[in-house]
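**Student:** Sequence below, structure please.
(one chain, ligands or ions: 2)
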Amino acid sequence: MTASFDLFADSPEEQRVALGPQAVVLRQKASPLAAELVARIEDVLQHSPLYQMATPGGKPLSVRTTSCGTHGWSSDPTGYSYVRHHPLTDQAWPEIPAAWSALATEAAQEAGFAQFAPDTCLINQYGLDSKMALHQDRSEQDLRQPVVSISLGMSALFLWGGMQRSDKPAHVLLHHGDMVVWGGVDRLRFHGIKHLTGAPHPQLGAMRYNLTLRRAR
Ligand SMILES: O=C(O)CCC(=O)C(=O)O
Ligand SMILES: [Fe+2]
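**Tutor:** Ligands and ions are numbered 1, 2, ... in the order given. As a prediction, the model looks like this:
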């Protein structure tokens, strides 16, 4: 797979950008709710503080992360898994805010995945020095369920690869309010974040949040 197309030049009004047969960027899909989404992030973080995970190999991730939902994604020396408690507070994760689940269900529907009901949301906070290496999302039990992501804050260069880590990734700019949905034949595509880009966000500053909603169990 040689995904060498480049989406830097997208016209800003383009609403749907196909990344594959079952993967799509829904431009500005979350924009009408963005202020509300950010306010709820602040609520969630009160109960579920951001922390720095390390890869199973012991390398610290450059993002700070936390979760909400019945399960939270975790990386520790034993590997990647879904756990029921925040590793620092030992508390159950807070509920996924209803507006986030509803938006994810709607976006999944628009992308061709009916009745998506997330039970976990990973919150990644990126700073100017953060990135996320190419990886597959494969800790979930039912890989027929899609992945739905929401970008807030500064823009970022999303890497959209193939089914092999060595496949050359496409570069896709993701902006505040953009959503990405992938599933089906595209569910295990390698992806990552190269770096943040552009100006600091007027409300959030030199920072990006990514909310990734999935069905863990
Ligand atoms: O920040 C993003 O847009 C991607 C995040 C991601 O791939 C993940 O958390 O698994
Ligand atoms: Fe991912």
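**Student:** Report the helix or strand with the lowest average pLDDT across the chain.
**Tutor:** strand 72-76 (a mean of 90; mean pLDDT, DSSP states H and E).
**Student:** The following helix or strand past it and ligand 1, are they touching?
**Tutor:** The first helix or strand that comes after strand 72-76 along the chain, using DSSP states H and E, is strand 79-83. No: using C-beta under 6 Å from any ligand atom, we find that strand 79-83 stays clear of ligand 1, coming within 10.0 Å at best. Heads up, the C-betas are built off the backbone N, CA and C, glycines and all.
**Student:** And for whatever residue of the chain ends up closest to ligand 1, the neighbour number?
**Tutor:** As assessed by C-beta to the nearest ligand atom, ligand 1 sits closest to residue 210 within the chain, at 3.2 Å. Around residue 210 sit 22 other residues, with neighbours defined as other C-beta atoms under 10 Å.
**Student:** what's across from it in the sheet?
**Tutor:** residue 124, residue 151 (DSSP bridges).
**Student:** Could you report the separation of it from residue 158?
**Tutor:** Separation of residue 210 from residue 158 (C-beta to C-beta, to the nearest Å): 9 Å.
**Student:** Going by secondary structure, the closest residue to residue 73 other than its chain neighbours is in what exactly?
**Tutor:** The shortest distance from residue 73 to any residue that is not its chain neighbour, by C-beta to C-beta, 6 or more residues apart in numbering, is 5.0 Å, and that residue is residue 122. Per DSSP H and E: residue 122 is located in strand 120-126.
**Student:** For stretch 183-200, measure first residue to last.
**Tutor:** The first and last residues of stretch 183-200 sit 31 Å apart, counting by C-alpha to C-alpha, to the nearest Å.
**Student:** near ligand 1, which residues of this structure show up?
**Tutor:** Contacts of the chain with ligand 1, taken as C-beta under 6 Å from any ligand atom, map to 122, 124, 132, 137, 149, 158, 191, 193, 210, 212.
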